[in-house]
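*Asks:* Just to be clear, the model below is a prediction. Sequence and coordinates:
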Amino acid sequence: MAPSQQPPSRALVIGTVSFYLVAALAMVMANKWVLNTTDTPLFFLLAQLLIAVVLFLAAHAAGLLQLPLQLDPQVCKGLIPMVGLNVIGLSFSNYTLKYVDASFYQVARGMVLPFTVATSFFILHARPSLRILLACAVVTTGFFVGVFLDGTKVSLVGVTFGVLSSMITAVHSVVIKKSLDVVHGSALHLSWYTNLLSAIVLAPTLVLAGELPGVLKLLFGPNENAEGQMSTLTTFIMGSIITGAFGFLMSLASLMSIKVTSPITHMVSSAVRGVAASLLGVWLFHDVVTQGRASSIAIILLGSIWYTWVKHVESQAPSPSKGQYEPVPLDKLEEGNAEKGFTHRHSHSTRDARD
């Protein structure tokens, strides 16, 4: 009998969860900081992707990673759905954060969980349990409380982009299964291909979206910020470096995270992150968190925590027979990913931290 595997040390678990918490908050706040000052959210996303690509190449050159530098045409072809959804999803996510408060971002994208369960049912024919449906109902209630019953004026454009982004994330969680097969189960290679190909696709997309004049104005135009404040271009560059670097580091750390954290750990860290994001939004951007908005966030977190708990309990049961529902772990929903059984368990995009 093989010796039992030693559980990860407490220090390793705390360090991994703490890094994710800090990185996720830093990315959301840095994104909002830049998006408040620029009219080029797609160019900002392109800069983030390019920085991640450069860091991947640097790590490869240093011998820290082994990447397939010679792109396989068959792999690229197989990843077309994944890359397309990634570009659309990240773009909508950036537009959401541009038009809504940082403290409201979690509410605007609060329908990720219900949409993912629905997508799994219609596409994978995976039937959810009653408890899963009730958890989704709680999350949906929290979304409607924040959007329609709070009484605070919210951006309809921002909420629309949030809903669309949530839908893309849900479909993405299904496509990720086939995408991992294309790269022979290598989450690291999938991260590399996704970042590189997304950047290639996004470059002409931002031109077609009409951002080129805004890009030229950002790079060569006068500074529009008040005297004494950081210039618009400097803000853009600093924000791109912060978010691009954190996105790259998270793509590496998540490979280890799967081995050292549990659904319960993610349940707690997700709740802490949601509350911390709202508090930071108030502190850094002077967001107004009304009683209705706070209630909405709390209800969404409660439903998400319940979902994670149900997933944990159901995962302890015997393997489901064909046609039954296998819940998607909450941490993968937040990253826009889904499990493939218990073998293929990771993929990365810069959305990881923003969801």
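*Replies:* The structure has been received and is ready for your questions. Please read these numbers as outputs of a predicted model, since none were measured by experiment.
*Asks:* Every contact and neighbour count from this point should use C-alpha atoms.
*Replies:* Noted.
*Asks:* so what's Thr152 closest to, chain neighbours aside?
*Replies:* Excluding its sequence neighbours, the residue lying closest to Thr152 (Cα to Cα, 6 or more residues apart in numbering) is Thr290, at 7.7 Å.
*Asks:* and if you look at Phe121?
*Replies:* Nearest non-adjacent residue to Phe121, counting by Cα to Cα, 6+ apart: Arg127, 5.6 Å away.
*Asks:* Tell me the bridge partners for the one you found.
*Replies:* Counting by DSSP bridges, Arg127 forms beta bridges with Gln324.
*Asks:* List the backbone torsions phi and psi for the residue nearest to Thr152.
*Replies:* Here is the backbone geometry of Thr290 (degrees, to the nearest 10): phi -80, psi 170.
*Asks:* That one and Leu149: what is the separation?
*Replies:* Distance of Thr290 to Leu149, given as Cα to Cα, to the nearest Å: 11 Å.
*Asks:* Surely Tyr307 and Ile132 touch.
*Replies:* Yes - contact criterion Cα atoms under 8 Å: Tyr307 and Ile132 qualify, at 6.1 Å.
*Asks:* how many other residues sit next to the residue nearest to Thr152?
*Replies:* 13 (other Cα atoms under 10 Å).
*Asks:* what's the pLDDT at it?
*Replies:* What the model reports for Thr290 is a pLDDT of 84.
*Asks:* again with the one 4 residues further on
*Replies:* Each residue has a pLDDT score; the one for Ala294 is 89.
*Asks:* who's more crowded, Tyr307 and Ile132?
*Replies:* Per other Cα under 10 Å, whichever of Tyr307 and Ile132 has more neighbours is Tyr307, with 26 against 22.
*Asks:* Confirm the more buried one sits in a strand?
*Replies:* No - Tyr307 is assigned helix when assessed by DSSP: H, G, I helix; E, B strand; the rest coil, not a strand.
*Asks:* Now do the contacts for it.
*Replies:* Listed by Cα atoms under 8 Å, 6 or more residues apart in numbering, the contact set of Tyr307 reads Arg131, Ile132, Ala135, Cys136, Leu330.
*Asks:* With respect to Gly63, which of those is nearest?
*Replies:* Leu330 (32.9 Å; Cα to Cα).
*Asks:* where in the stretch 1-150 of the chain is pLDDT low?
*Replies:* Residue ranges of the stretch 1-150 of the chain with pLDDT under 70: 1-8.
*Asks:* Break down it into its helices, ranges please.
*Replies:* For the stretch 1-150 of the chain, applying DSSP state H, counting those that start in this stretch gives helices covering 10-35, 41-61, 73-78, 80-99, 105-108, 112-124, 130-144.
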